Structure formats: C-alpha cells, structure tokens
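**Student:** coords please:
(2 chains)
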Amino acid sequence: MNQENCYTVLDDSTILGIAEICALCRVDTETVNEMVDEGLLIPEGTSPETWRFSALSIKRIQVTLRLQNDLRVNLPGAALVLDLLEELDELRSRLR
Amino acid sequence: MDYKDYYKTLNIAKDASQEEVKRAYRKLARKYHPDVNKNVDADVRFKEINEAHEVLKDVEKRKAYDTFGNNWQSGQEFKPPPNWNNRYRKADYGSQHASAEHFSDFFESLFGGGAGHFSSEDLSSFSREHHARGEDLHAKVSITLEDSYHGAKRTITLNRTVDDGRGSLTIQPQSLQVTIPKGIIEGQQIRLEGQGNVGYGRGSHGNLFLEIVFLPHPLFTVGKRDVFLILPVTPWEAALGASIAVPTLGGNVDLKLPPNSQTGQKLRLKNRGLSSKTQVGHQYVTLSIYTPSAETAEQRELYEKMAKLMPYNPRSGFGG
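**Tutor:** Model prediction:
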C-alpha cells in the first residue's frame, strides 16, 4: 500500500494564478478567458496577469469540461447548469 | 462473465432505429451524468449507458452484438463464441467520453480494450516526443460527518494505470491511504499529487482528484459548514427553562434552554460545526416541543386546568 500522500484541499483558502489553474485543469489560457467572459469563473483582479482564482474554480472548470465533452453542452449552457446545480444543492440542504 | 443487455440499458426495443438509439442515449446521459445526478451509483449507470451506446450506435458492432443476443438466455453465463475472430477488436473507443473511462469485461471480450487507455487526443499532442503526462483520475469518497469533524484517514481502492515493470502499462486496483482533513465539506475536492495514472515515456504521473460526499447521519443534517439538529423538548422544559445535554459531533454539550421557549426556535452552539483551520462552522438546534398524551382522568384534568389558567391562541396570527 502506498504511504501517506502529499495532498491539497481545494477550498477557497487556496488561491491560484491563471498559469497554475491552467496546468492543473490541463486547459489553455484561452479556455479560462472564455469561462471568465461567460461569468462562469469570477477571479479577483482586473487583468488576466493579475487574476487570482479560488481553488473552488478547479471543480467548476472540470465539471464544465465534462459537461461539454459528455453532453455537448456549450459554454453558456454549462454556466447555467453550474448555477442551477448550486441552487439545487442549497434547496436540498434546506429540505433536510 | 455476465451478458449485458444493451437494449435494456438504454430502455429501447431490439428493433429500435439508430435515431431512437441516439435519442434514448442522450436523454439517459443527461439524467445520469455524475456531475448532475447526486446518487452515488450515477457514475456506474453513466458508464453502462455509454458502453451500450458505444456498441449500438455503430451499425457493424450492433449487428455483431445482436448475433450473440439471439442465442443468449437471461441468467446464462456469457462466453465469446469460438469463431469470434476479433474483427471488431480495435481500441478506437474511449476518446470521446472523458467520464467514461473503462468499459466492462463483457465489452472488452467482444470489442477489445486499449492497453494504456490514453485517449487519441492526448497522444496526438505529444506524439512527436512520445511522452505524455498520465491522465488525471477523479473519484468520489464517502465519509461520515464525524470523519470531517475530527479529521480521519481512509483507505481507498481505485483502478489505476501503472507500469508493470516490464515497460508496459496495465490497469490494476490499488489501495491508497488518504488523509481526510478536519473540516472538509461536501463537494470539496482533495488533490493528491502524482497519484493519477502513470505517464507515457518520460511523462509525469497524473493527479488524483477526490470529491467528498457525506454519508447520511442518523441525527444531524448539514448545510455547508453548519450542522443542524432537531431537539425534542417537553412543554415544561420549554416553559420553565432547562439545561439539556445535546449531542454534537464532538460529544454531548450542555445547552441552556431559556424559559418560554417555543417550537421552531433556533439556538446556536458556537464552533460545534465543521470547522477547518481557517473557517468556522456552528451547530444549530431547532426546538420541537413534544406533548405527552393525556390518557388517565388525572392527566386530562391537568390539561383542562392549563387551558383554564393559561388561555392561549397559537393561531391568533391567522386572523378571522
């Protein structure tokens, strides 16, 4: 069995620049640019060079890529799905 | 090996048209996509749907599959027929569906499987040097609320592509010890560096992303970092005030119930939620007053006395 591993919790206490987030999600900067333009990702900072992403953005990017790949959803569609899923989670936790 | 009824998986008739196959697949793929469907077995179902579609969408593969299906009875052990000459065994699938990595043994015995499970896309961008970073792996790990409250260690098993030591890549189930950090919450991911699939050539290992899912708890529910509990109390505890031992994820805590408390009132136990190093969660206790039933004459008399002494209309807000 492998021993204890090096891990990072991807919560909002981990902050990443555009190069790091692109490497982690294996996407190019153009893809991230488009996602920011769509409002799907909301980084802090005013220009791509100063953008700071919360590590929660990683999941949003990964889910978007899977939705695009598996369900042929386009970017605005993926943004809508992500927002609705968030709302659904909130409603579910209120129901319990 | 079990025979797989792909028509049943897509919920279509054996004589369904290619159009019907496509429509049924798309509908089910939307419904069971693991990012959309919260059921723990959604990814298994999603893979089955993709596998069925992979065969039925291709007229040639479908014809070959139908040839077996005609001779097979439900519950029968499945073996590929001896005259099956691997005509259809080519590793050309798997490149289209990022979330549908490996198909069943049944599928592979009929149509073959790719050795390294690299998608054609990965290879094309790296083919000049013949090095490619290993694929990232994604998995969900179910933990209890106590695991998050205290922090925990979990052993998980996952199928990974590894180097077999003789220069070729195989998929093997491997165990991995994972630290569940204190205060992790549902939906968050843990990234384990280098714990994804092995790289190709001199390419580095991929990463492993684990998404946290909470198992249902018999007492508590959770919203983000906060823990919720419905606390049953008696009418006299609510009216007179009381000190009540309330369960929390860290053990019982004394709660001071103020006099004249009501059903629905919420009390906060500070820092008793899912707190991480940097963020704090609380426990919220919602009161629910339970009245004992009046069974004896004496008990009924007591309720009647209360009605006389404490006339009270809880529905005054309704008007009319």
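**Student:** direction included, what does the biggest strand by length in chain A pair against?
**Tutor:** Ranked by residue count and defined by DSSP state E, the top strand of chain A is strand A:7-10. Sheet pairing of strand A:7-10 (DSSP bridges) gives strand B:189-192 (antiparallel).
**Student:** now the partner strand: average pLDDT?
**Tutor:** Averaging pLDDT along strand B:189-192 gives 94.
**Student:** cool, stretch B:245-257 as well?
**Tutor:** 95.
**Student:** now do stretch B:15-30
**Tutor:** On average, stretch B:15-30 scores 95.
**Student:** which strands and helices sit next to the next helix or strand after the longest strand of chain A?
**Tutor:** As assigned by DSSP states H and E, the chain's next helix or strand after strand A:7-10 is strand A:15-16. Packed against strand A:15-16 by the contact rule (3 or more Cβ pairs under 8 Å, 6 or more residues apart in numbering or on different chains; DSSP states H and E) you find strand A:53-54. Where you see a C-beta, it was placed from the backbone N, CA and C, and this is true even at glycine.
**Student:** and the next helix or strand past the strand it packs on?
**Tutor:** helix A:56-71.
**Student:** write out the residues of chain A neighbouring chain B.
**Tutor:** The interface of chain A toward chain B, taken as Cβ under 8 Å from any Cβ of the partner chain, is made up of A:1-11, A:13, A:24, A:26, A:56, A:58-59, A:62-63, A:65-67, A:69-71, A:81, A:85, A:89-90, A:92-94, A:96.
**Student:** list the buried residues of the helix ranked longest in chain A.
**Tutor:** Ranked by residue count and defined by DSSP state H, the top helix of chain A is helix A:75-95. Buried residues in helix A:75-95, counted by 16 or more other Cβ atoms under 10 Å in any protein chain shown: A:75, A:78-79, A:81-82, A:85.
**Student:** residues in contact with that helix?
**Tutor:** A:34-35, A:38-40, A:60, A:63-64, A:67-68, A:73, B:35-36, B:38, B:187, B:221-224 (Cβ atoms under 8 Å, 6 or more residues apart in numbering or on different chains).
**Student:** check the offset of stretch B:145-154 from the chain's centre.
**Tutor:** 17 Å (Cα atoms, centre = their mean, to the nearest Å).
**Student:** next, the distance between the ends of it.
**Tutor:** 14 Å (Cα to Cα, to the nearest Å).
**Student:** just the strands from the stretch 201-320 of chain B, written as ranges.
**Tutor:** All strands of the stretch 201-320 of chain B, identified by DSSP state E, counting those that start in this stretch, fall at B:208-214, B:221-223, B:226-233, B:242-248, B:251-257, B:266-269, B:283-289.
**Student:** partner strands of the third one, with direction?
**Tutor:** Which is strand B:226-233. Here, using DSSP bridges, strand B:226-233 pairs with strand B:221-223 (antiparallel), strand B:283-289 (parallel).
**Student:** ok, the fourth one next?
**Tutor:** Using DSSP bridges, strand B:242-248 pairs in its sheet with strand B:251-257 (antiparallel).
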